[in-house]
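> sequence and computational prediction follow.
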There are 2 protein chains.
Amino acid sequence: MTIDSLAAYGLACPAPSTTHDQVVLGHGSGGKLSAALFREQFLPWFDNATLAEQGDAAVVGLTSATIAMSTDSFVVKPLEFAGGNIGTLAVHGTLNDLAMMGARPAYLTVGFILEEGLPIDVLDRVVRAMSERAREAGVLIVAGDTKVVERGKADGMYINTTGIGMIDSRFRPAPARAQPGDAVVVSGPIGAHGMAIMAAREAIGFESDLRSDTAYLYPLVELMNEALGESVHVLRDPTRGGVASSLNEIAAASRVGVLLEESAIPVPPAVAAACEMLGLDPLYVANEGVLVAFIGDGRGDDAVRAMQSHALGAGARVIGRVVSEHPGMVAMRTGIGGTRVVDMLPGDQLPRIC
Amino acid sequence: MTIDSLAAYGLACPAPSTTHDQVVLGHGSGGKLSAALFREQFLPWFDNATLAEQGDAAVVGLTSATIAMSTDSFVVKPLEFAGGNIGTLAVHGTLNDLAMMGARPAYLTVGFILEEGLPIDVLDRVVRAMSERAREAGVLIVAGDTKVVERGKADGMYINTTGIGMIDSRFRPAPARAQPGDAVVVSGPIGAHGMAIMAAREAIGFESDLRSDTAYLYPLVELMNEALGESVHVLRDPTRGGVASSLNEIAAASRVGVLLEESAIPVPPAVAAACEMLGLDPLYVANEGVLVAFIGDGRGDDAVRAMQSHALGAGARVIGRVVSEHPGMVAMRTGIGGTRVVDMLPGDQLPRIC
């Protein structure tokens, strides 16, 4: 669909809505107000021919016969925080999940659940962030949906994104592919996202140094694919539950043990200070711009070098290795020479972190 | 992944949770409780090898280089009603959107937003319905996500589903393809879903005769593709906003007029009675198991016959035609011989109907 035909449908050059500065129930009716919301708030930002066709589904072309598909709902509280907002997370989070399967992200869908009374300017900022982050990633937002619920039936807004990415058949990292001897590598310092959310929520006085690390991780994956190919056994972005939970999941799926070196784990001073103040362990704090890689064939240092060639991976380092002992368990050699178990989080440490 | 390897991961033969009969915040933590919820409540029902792999994304194979992709969030109130529940809608709704683009539905993702305190037995019934409806449709639920929000921050549960379907390059119905002369066909009686929801919500005394029409519509699409191929110009399932809104959208997208015959529109007596009692127009009431088709080449009656060969299309009939007059508008010849405009719904008639 061209810009001309868009104009013919009354979709081009939308003027900002002058009648509503808050979301109203009618915006979810499927009628004129819903159409206006789409035309005025979403289409100008998520501008692409596929979305503009407004069919019941988007029709898209693929370049591989195998795809990765991932879905995530975002309920972060507050909606905006240092380093991003719920829209930033909704784009990065789902694209990163695709990247962790080795897939090159291509298309996203977006489902909004809006609470009656949500200020339209908040919605604007969230949608703009989604548009910008998707454009940076070279990904199209091809289909969407909006529902509105009454005051008190949501918390401002919730967003679901679902993405698909193209699979390179020669590059298939997976949680079950870790092997004894693999190096465990992180792409950078941990804990920033979770502590930035806590700072935004609690106003506990260390806000200025804490910013979410939210970032699109596929560029690091591509660098590792080029440099290391099949030596990349496992990739994972340690979001909810943090590095500790991701490593436990991988240890369980691959039936191997993981041994970490506490002194090697990069924790920014502001994160360490905030964690100490709140009694939290940075290993369990959510990240949104960090990946963990399990690298075989003795090539852990090559993976570190590959990631360090990109700004996002400047702080990459080896933090441990896979062992055949204690399969399914993660252990850590501590600074004072002992070893402790790093278990999966039993319950909720930080609800609504993403 | 085989059953053996599932068992090795501790995923097979899950026992029902004995520790929780309600959703708690920890179920959304990304830790042990989240894993238990997945293992106990979701995996047994959505049982397939792709989902069981529990990667960050599902990896799936495709049989066409062009796919349809659709997303929908479901916020229906109440969660359960005569004829189905929110899970039934979440499966049928997204699969039907794919079918309306002529695509054969193949894969679904599911995102749950659960309110703390939701009874686990409600979740069980919803998940079971999703599992059964997906199986009937031959569709795999390959990826999922669960978030939990505090009491008072949702209304029991919200569900997003996103689906992909395979496109047949010779069969491409689209909202912009209506042409003057096309017959406008409905697959069956209208208004049942919306009025069943109203009955469940309001307890207004006509419950027994009203059941949601929620159904999987691809079988009707396949029959029309086989019988009529490219003569099928437009397909749409008139959900939120009803038949009137769908026809207005098509008239606008194709820049044609639509002329309906009021006497031809099938409205079940119970729906008509309930609409009259509540002051609603059945043309604006949501359907979840009805499609509208625009058929060219003088083959409207063939489309009716094709649909009538399936139980879902037993009530199919021609209800109007496309005209070159009044482009972008829908008009209706009424029972008493006049003609009135059938406009798009201005605001919210029935909030949270799906």
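Happy to help now that I have it. Bear in mind that the values here come from a model prediction, so they are computed numbers and not experimental data.
> which parts of chain A belong to which domain?
Domain assignment for chain A by automatic domain parsing gives A:25-167, A:175-341.
> what angle do the longest strand seen in chain A and strand B:104-115 make?
Counting by DSSP state E, the longest strand found in chain A is strand A:104-115. Angle of strand A:104-115 versus strand B:104-115, following axes from the mean of the first three to the mean of the last three C-alpha atoms, to 10 degrees, is 50 degrees.
> adjacent strands (with direction) for strand A:104-115?
Within its sheet, strand A:104-115 is paired with strand A:140-149 (parallel), strand A:157-166 (antiparallel), according to DSSP bridges.
> can I get these in JSON lines with mean pLDDT, mean neighbour count and distance to residue A:95?
Every C-beta, even on glycine, is put in place using the N, C-alpha and C of the backbone. Shown next, in JSON lines, are the strands paired with strand A:104-115 (pLDDT from 0 to 100; neighbours: other C-beta atoms under 10 Å in any protein chain shown; distance: least, C-beta to C-beta, whole Å):
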{"stretch": "strand A:140-149", "mean pLDDT": "94", "mean neighbour count": "25", "distance to residue A:95": "11"}
{"stretch": "strand A:157-166", "mean pLDDT": "97", "mean neighbour count": "29", "distance to residue A:95": "6"}
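> could you point out which residue ranges in the stretch 1-150 of chain A have low pLDDT?
Within the stretch 1-150 of chain A, the segments meeting pLDDT under 70 span A:1-19.
> and the residue nearest in space to the middle of chain A, what element?
For chain A, the residue nearest the mean C-alpha position is residue A:93 (1.8 Å; C-alpha atoms, centre = their mean). For residue A:93, the host element (DSSP states H and E) is helix A:86-100.
> ok, which stretches of chain A are strands?
A:58-61, A:66-74, A:80-81, A:84-85, A:104-115, A:140-149, A:157-166, A:183-186, A:232-236, A:257-261, A:292-295, A:317-323, A:330-333, A:339-341.
> indicate which one of the ones you listed is closest to residue B:333.
Ranking the strands of chain A by proximity to residue B:333 (C-beta to C-beta) places strand A:140-149 first, at 34.0 Å.
> how far off centre is the closest one?
18 Å (C-alpha atoms, centre = their mean, to the nearest Å).
> how close does residue A:115 get to residue A:158?
For residue A:115, the distance to residue A:158 (C-beta to C-beta, to the nearest Å) stands at 9 Å.
> enumerate every residue touching the residue of the stretch 151-300 of chain A found nearest chain B.
In the stretch 151-300 of chain A, the residue that lies nearest chain B is residue A:240 (2.8 Å; C-beta to the nearest C-beta). Listed by C-beta atoms under 8 Å, 6 or more residues apart in numbering or on different chains, the contact set of residue A:240 reads A:286, A:353, A:354, B:28, B:29, B:30, B:31, B:34.
> next one: residue A:343
So residue A:343 contacts A:244, A:248, A:330 (C-beta under 8 Å, 6+ apart).
> buried subset of those residues as a ChimeraX selection?
Buried members of the contacts of residue A:343, defined by 16 or more other C-beta atoms under 10 Å in any protein chain shown, are picked up in ChimeraX with:
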select /A:244,248,330
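> format the contacts of residue A:343 as JSON lines; extra columns: pLDDT and distance to residue B:44.
Below are these laid out as JSON lines (pLDDT from 0 to 100; distance: C-beta to C-beta, whole Å):
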{"residue": "A:244", "pLDDT": "95", "distance to residue B:44": "27"}
{"residue": "A:248", "pLDDT": "96", "distance to residue B:44": "22"}
{"residue": "A:330", "pLDDT": "98", "distance to residue B:44": "27"}
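> which among the contacts of residue A:343 gets closest to residue A:174?
Using C-beta to C-beta, residue A:248 comes nearest to residue A:174 of the contacts of residue A:343, at 16.1 Å.
> what's the nearest residue to the closest one if we skip its chain neighbours?
In this structure, residue A:248 finds its nearest non-sequential neighbour in residue A:344, 4.3 Å apart by C-beta to C-beta, 6 or more residues apart in numbering or on different chains.
> how about that neighbour, what does it touch?
A:241, A:244, A:245, A:248, A:249, B:31, B:32, B:35.
> what pLDDT does it get?
Reading off the confidence values, residue A:344 has pLDDT 86.
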